[in-house]
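K.L.:
Quick check, what structure comes out for this input:
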Amino acid sequence: MKVSAKDELLLNLLRDNARQSIASLARALGVSRTTVGNRIDRLIDRGVIERFTIKTGHDYDSHRIEALVNVSVIQRETASVVAQLKQLPALKKLIAVSGQYDLFAEISAGSTAEIDQILDTISAMTGVERTSSAIVLSVKLQR
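P.N.:
Numbering: from 1, shown residues only. Predicted structure coming up:
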């Protein structure tokens, strides 16, 4: 879906901090508050903005353990496996991929013991053939 250059700027500002005031967004964009409000409403109506969410802070995140999990599934069970994975509170992101594995999951927990338990849960899911996982040591770049 194509959006205007101003809408792209607005989206980037909201990605950086969705709690910014309309007045702050208007100043940054050089438009009126009414214009910003109308643009946001239009982006929501068009489905460009689906929802507003949070990004947790460094103090919280620095105490979390993240793991990247490759999941191979029995093809006819893909929808079931996706539904089961979506039920995991630790799941941050689930991506369908090509190659040796079918799904790529990002999970987050408070300890390696919790990660281990989550990995056991994923491996035991009906339709999962095998998994491969890695613990994230550090993030070198995130945009």
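K.L.:
going forward, measure contacts between C-alpha atoms and count neighbours the same way
P.N.:
OK.
K.L.:
Tell me the backbone dihedrals of the spatially most central residue of the chain, please.
P.N.:
With distances taken as CA atoms, centre = their mean, the residue of the chain nearest its centroid is K93 (4.7 Å). Note on K93: its backbone torsions stand at phi -150, psi 140 [degrees, to the nearest 10].
K.L.:
what's the burial count for A67?
P.N.:
22 (other CA atoms under 10 Å).
K.L.:
for this structure, what spans make up the strands?
P.N.:
65-73, 91-96, 103-109, 128-135 (DSSP state E).
K.L.:
which helices and strands does the third one pack with?
P.N.:
Okay, so that is strand 103-109. Applying 3 or more CA pairs under 8 Å, 6 or more residues apart in numbering; DSSP states H and E, we find strand 103-109 packed against strand 65-73, strand 91-96, helix 112-123.
K.L.:
Same question for the first one.
P.N.:
With contacts defined as 3+ CA pairs under 8 Å, 6+ apart, strand 65-73 has these neighbours: strand 103-109, helix 112-123, strand 128-135.
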